[in-house]
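Enquirer: Just need the structure, nothing else, for what follows:
(one chain, ligands or ions: 2)
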Amino acid sequence: MNVDVKTAPAPADVLLDSPVIASVGVIGAGQMGNGIAHVCAVAGLPVVMLDAKPEALDKAIATISRNLDRQVHKNLISAEDKAAALARITASGDYAAFDDCDIVIEAATEREEVKKAIFLQLVPHLKPSAMVASNTSSISITRLAAVTDRPEKFIGMHFMNPVPVMKLVEIIRGIATDEPTFQAVMALAHRLGKTTAVAEDFPAFIVNRILVPMINEAVYALYEGVGHVNSIDSGMKLGTNHPMGPLELADFIGLDTCLSIMQVLYDGLSDSKYRPCPLLVKYVEAGWLGRKTGRGFYDYSQHPPRPTR
Ligand SMILES: CC(=O)CC(=O)SCCNC(=O)CCNC(=O)[C@H](O)C(C)(C)COP(=O)(O)OP(=O)(O)OC[C@H]1O[C@@H](n2cnc3c(N)ncnc32)[C@H](O)[C@@H]1OP(=O)(O)O
Ligand SMILES: NC(=O)C1=CN([C@@H]2O[C@H](COP(=O)(O)OP(=O)(O)OC[C@H]3O[C@@H](n4cnc5c(N)ncnc54)[C@H](OP(=O)(O)O)[C@@H]3O)[C@@H](O)[C@H]2O)C=CC1
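Expert: Ligands and ions are numbered 1, 2, ... in the order given. All right, here's what the predicted structure looks like:
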């Protein structure tokens with residue numbers, strides 16, 4: 001059974017050997033990348049954030065500013081803290097901007113080929129001591145690490161959505177991840193105020209191995225006419241106290257990401273119980289990806305959002 005090593009102090013010699021992370025790079029300025037940059041900047045760390053598209057960076061900075069305002073309004077941080085956090089974030093389209101980062105966290109689209117191409121582009125710009133993490137929801141850390149020049153410094157650092165609010169970070173070691181890297185990333189997660197859960201490097205790790213098949217089952221319930229969007233989501237919100245119904249949560253995560261995770265489970269575990277629901281495939285093929293495209297199981301142009309089935 002995995003013990004959360006947060007409560008099990010590492011041997012002194014390991015802690016002495018572990019590098020201290022004092023600067024962070026983030027690749028991918030989508031809903032997760034902007035959240036990771038947000039929490040690192042609030043924790044006092046300088047952040048370099050990169051995306052394939054400059055407009056995604058502008059949108060990310062605006063989102064971070066809005067989410068910082070949520071924390072100012074709740075007196076969790078001051079207006080000065082917000083300004084200081086924003087000043088710590090550098091948006092760039094050039095990988096050379098990562099040359100002094102102690103760790104670079106990848107949070108790009110949940111497609112293995114996209115992530116591998118990013119790591120191949122990143123590695124030449126890293127200093128020798130730099131670590132690399134992926135925020136992947138499901139993809140093998142061992143396989144991603146293998147395309148880099150530093151599999152011993154590569155690890156899974158899986159934040160939950162929305163990053164400023166959710167307390168958990170799942171930490172996943174690849175087969176080659178060394179102890180100093182593990183300890184340094186555990187220390188970073190705790191510095192960010194997060195609680196860690198350590199998962200083995202198997203498809204979708206812990207959280208999504210359990211959560212996303214539940215979401216897929218909710219889509220099957222919709223697909224087979226067992227219920228409608230409203231009855232399925234109400235059933236789980238009022239019947240089991242989930243803060244969001246499974247279909248609302250799927251829209252929040254992104255239907256493309258949910259489908260990618262189911263595909264990773266189906267391919268990685270070779271069990272038909274993980275086959276993605278055809279209706280989920282159809283929504284993704286239609287470009288109905290949920291909140292991020294304005295339409296998924298709900299139509300977000302309506303207020304309140306209206307079920308689309
Ligand atoms: C897919 C993966 O790989 C792994 C995953 O992430 S799985 C998904 C994990 N996440 C979940 O399960 C989320 C479930 N939903 C929830 O917890 C809640 O609905 C929620 C926190 C998202 C929103 O909470 P809510 O009470 O319904 O809404 P709301 O009152 O607006 O917000 C509650 C708090 O969250 C903050 N918040 C809400 N949405 C936010 C966002 N998108 N970004 C940042 N902060 C947000 C609000 O500021 C508010 O903070 P305060 O209480 O400090 O003011
Ligand atoms: N959504 C969620 O609830 C959670 C997601 N995750 C994981 O986090 C990662 C990101 O997910 P999420 O933020 O939702 O995805 P989004 O689609 O919101 O954001 C992905 C971002 O990555 C950018 N991107 C794509 N390709 C590249 C590239 N080659 N170089 C640089 N940037 C690129 C995209 O730009 P563009 O739009 O221009 O393509 C987009 O801005 C995924 O691995 C996902 O599984 C982890 C926890 C929760």
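Enquirer: any idea how far Ser92 lies from Ser78?
Expert: Distance, Ser92 to Ser78, using C-beta to C-beta, to the nearest Å: 28 Å. The way it works is simple: take the backbone N, C-alpha and C, and place the C-beta from them, glycine included.
Enquirer: Have a look at those two and say which one is more surrounded.
Expert: A direct count of neighbours by other C-beta atoms under 10 Å for Ser92 and Ser78 places Ser92 higher, at 15 against 11.
Enquirer: dump the residue contacts of that one.
Expert: Val48, Met49, Leu50, Leu57 (C-beta atoms under 8 Å, 6 or more residues apart in numbering).
Enquirer: cool, Ala250 as well?
Expert: So Ala250 contacts Ile215, Ala218, Val219, Cys258, Leu280, Gly290, Gly296, Phe297 (C-beta under 8 Å, 6+ apart).
Enquirer: Surely it is within a helix?
Expert: Yes: looking at Ala250 with DSSP: H, G, I helix; E, B strand; the rest coil, it is inside a helix.
Enquirer: which residues of the chain fall in strands?
Expert: 24-27, 47-50, 89-92, 103-106, 131-134, 154-159, 168-173, 195-199, 298-299, 306-307 (DSSP state E).
Enquirer: in terms of contact, does Pro54 touch Ala60 like I think?
Expert: No: Pro54 is beyond contact range of Ala60, at 10.6 Å (criterion: C-beta atoms under 8 Å).
Enquirer: Those two: which has the busier surroundings?
Expert: Ala60 (24 against 12).
Enquirer: In this structure that one contacts Gln31, no?
Expert: No: between Ala60 and Gln31 there is no contact under C-beta under 8 Å: 9.0 Å.
Enquirer: any idea how far Thr257 lies from ligand 2?
Expert: To ligand 2, Thr257 is 5 Å away according to C-beta to the nearest ligand atom, to the nearest Å.
Enquirer: what about the nearest residue to that residue once chain neighbours are set aside, neighbour count?
Expert: The shortest distance from Thr257 to any non-neighbouring residue, by C-beta to C-beta, 6 or more residues apart in numbering, is to Glu110 (4.9 Å). By other C-beta under 10 Å, 23 other residues sit near Glu110.
Enquirer: Point out where this protein drops to low pLDDT.
Expert: Counting by pLDDT under 70, the ranges of the chain that qualify are 1-17.
Enquirer: Nearest to ligand 2: which residue in it?
Expert: Gly30 (1.8 Å; C-beta to the nearest ligand atom).
Enquirer: Now that residue: phi and psi?
Expert: Reported as degrees, to the nearest 10, the phi and psi values for Gly30 are phi -80, psi -160.
Enquirer: Contacts only, for it.
Expert: Gly30 neighbours (C-beta under 8 Å, 6+ apart): Asp51, Ala56, Ala60, Ala107, Ala108, Thr109, Lys292.
Enquirer: contacting residues for the fifth one?
Expert: It refers to Ala108. Residues in contact with Ala108 (C-beta under 8 Å, 6+ apart) are Ile27, Gly28, Gly30, Gly33, Ala52, Val114, Lys115, Ile118.
Enquirer: distance of the third one from Ala60?
Expert: In this case it means Gly30. Taken as C-beta to C-beta, the span from Gly30 to Ala60 is 8 Å.
Enquirer: Now do the shared contacts for the two.
Expert: Shared contacts of Gly30 and Ala60, defined by C-beta under 8 Å, 6+ apart, comprise Asp51.
Enquirer: to the chain's geometric centre, what's the distance from stretch 226-235?
Expert: Chain-centre distance of stretch 226-235: 27 Å, with C-alpha atoms, centre = their mean, to the nearest Å.
Enquirer: Pull out the buried positions in it.
Expert: Val229, Ile232, Asp233, Gly235 (16 or more other C-beta atoms under 10 Å).
Enquirer: just stretch 115-135 next, same as before
Expert: Neighbour count says stretch 115-135 has 115-116, 118-119, 122-123, 125-126, 130-135 buried, by 16+ other C-beta under 10 Å.
Enquirer: Check those and tell me the two furthest apart.
Expert: Farthest-apart pair in these is His125 and Asn135; separation 19.0 Å (C-beta to C-beta).
Enquirer: residue contacts, Ile105?
Expert: Contacts of Ile105 by C-beta under 8 Å, 6+ apart are Val24, Gly25, Val26, Ile27, Ile36, Ala133, Ser134, Asn135, Met157.
Enquirer: rewinding a little: roughly how far does the residue of the chain closest to ligand 2 sit from Thr181?
Expert: Taking C-beta to C-beta, one finds Gly30 at 25 Å from Thr181.
Enquirer: and if you look at Phe98?
Expert: 17 Å.
Enquirer: Likewise for Tyr274?
Expert: Relative to Thr181, and taking C-beta to C-beta, Tyr274 is found at 30 Å.
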